[in-house]
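Visitor: mind folding the following:
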Amino acid sequence: MTMYGFIRRSVQWMALLFCGLSTTGCSSNVLVFHPAGPVSRIEEHLIIMSIILVTIVVVPVILLLWYIVRTFRDTPNNPAPYEPEWSESRVLESIWWGIPIIIVAVLGFFTVKDTFALTRPPEKVTNPLTILVTSLDWKWMFQYPGQQVATVNYCEIPASRPVQFVLTSNAPMNSFWVPELGGQEYTMPGMAMRLWLQADQPGIYYGHGANFSGKGFAHMQFNVHAVKQTQFDAWVKHLKRTAPPLTMDGYHGLVRPSVVGQMSFSSYPPTIFRDMIMQEGGMYMKRDMTILGTAD
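Guide: So this is what the prediction gives:
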């Protein structure tokens, strides 16, 4: 096992131990430590590095607290020196200011570097898949502008192909999160946010809304099905043949607060995503218009 592998495994066990000690409902399957794509691997590295850097501060502070309390406690015959005139130490000042400054600088550098890197496709390709995602009360709708099909509460993607998710909301603000594929991104009315994700291998990946949005919040979960490209193409053709179309009346029914299961549609009104953003003030968001240009 490499040194990084040893550190990674140690951090995972520390996280699991913390969950077990601090909560009663924490599963042993910590999804963020099971990356299944290039985006989630980068973010896992950041999490592990953050834990290590924080540990460098926390562990010595706890040990020093124990030492100080034990050494300088007010007990009879305590041999610890009493120095009421002592006021400062340049050595100690350098330590407790210098180490945090270095840690913040290192953590800030890698966080900024990786954050900006994740605003681009994980791989250089000319044909990423674009999926328009809308958070509703209390469900998720996925539209495929290139394929002209739509789904509710599940998402089909090709494995090993970058996917551009363009996110908005036609309900209270929420957050789109597939832990094994990457970090969360907010969905907000009148705005279009971009999130790049990719799955290395075929599989089913759990997703959920990560922002509380009312009494049906617990039901805002979905699955991302990563399949081979040929299977994805066959799935699109199957939906075109067998699924009903999504009409405007049907869409307005989905917008109303309700809990539903998985649904599929062979087509949808092509302008509903853009119209939804515009009616909530999207015309004032120049950046959103740029994103929407890639989502048509």
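Visitor: how about the closest residue to Ser266 other than its chain neighbours, phi and psi?
Guide: Nearest non-adjacent residue to Ser266, counting by Cβ to Cβ, 6 or more residues apart in numbering: Ala243, 4.2 Å away. C-beta coordinates here come from the backbone N, C-alpha and C atoms, glycine included. Backbone torsions of Ala243, given as degrees, to the nearest 10, read phi -80, psi 150.
Visitor: kindly report the same for Glu280.
Guide: For Glu280, the backbone dihedrals are phi -100, psi 10 (criterion: degrees, to the nearest 10).
Visitor: now the nearest residue to it once chain neighbours are set aside: how far from Ser175?
Guide: Distance criterion Cβ to Cβ, 6+ apart; nearest residue to Glu280, sequence neighbours excluded, is Gly190 at 3.3 Å. Counting by Cβ to Cβ, to the nearest Å, the gap from Gly190 to Ser175 is 16 Å.
Visitor: cool, and Trp86?
Guide: Trp86 is 50 Å from Ser175, where distance means Cβ to Cβ.
Visitor: tell me which of the two has more neighbours.
Guide: Per other Cβ atoms under 10 Å, whichever of Trp86 and Ser175 has more neighbours is Ser175, with 21 against 8.
Visitor: which parts of the stretch 51-200 of the chain are strands?
Guide: Ranges of strands within the stretch 51-200 of the chain are 129-136, 139-144, 149-152, 154-158, 163-169, 174-178, 182-187, 193-197, based on DSSP state E, counting those that start in this stretch.
Visitor: report the longest helix in the protein, please.
Guide: helix 38-71 (DSSP state H).
Visitor: other SSEs contacting that one?
Guide: Secondary-structure packing of helix 38-71 (3 or more Cβ pairs under 8 Å, 6 or more residues apart in numbering; DSSP states H and E): helix 3-22, helix 90-117, strand 182-187.
Visitor: tell me the buried residues in the second one?
Guide: Of the residues in helix 90-117, those with enough neighbours to count as buried (16 or more other Cβ atoms under 10 Å) are Ile103, Leu107, Phe110.
Visitor: I figured the last one hits Ile48, correct?
Guide: No. Counting by Cβ atoms under 8 Å, Phe110 stays clear of Ile48, with 11.2 Å between them.
Visitor: on that earlier part again, look up how far Lys237 lies from the residue nearest to Ser266.
Guide: Remark: distance between Ala243 and Lys237 (Cβ to Cβ) = 11 Å.
Visitor: who's more crowded, the two?
Guide: More neighbours surround Ala243 than the other of Ala243 and Lys237, with 16 against 12 (other Cβ under 10 Å).
Visitor: ok, now which ones touch the more buried one?
Guide: By Cβ atoms under 8 Å, 6 or more residues apart in numbering, the residues touching Ala243 are Val149, Ser264, Phe265, Ser266.
Visitor: ok, Lys139 next?
Guide: Residues near Lys139 by Cβ under 8 Å, 6+ apart: Val152, Asn153, His219, Met220, Leu254, Ser258, Val259, Val260.
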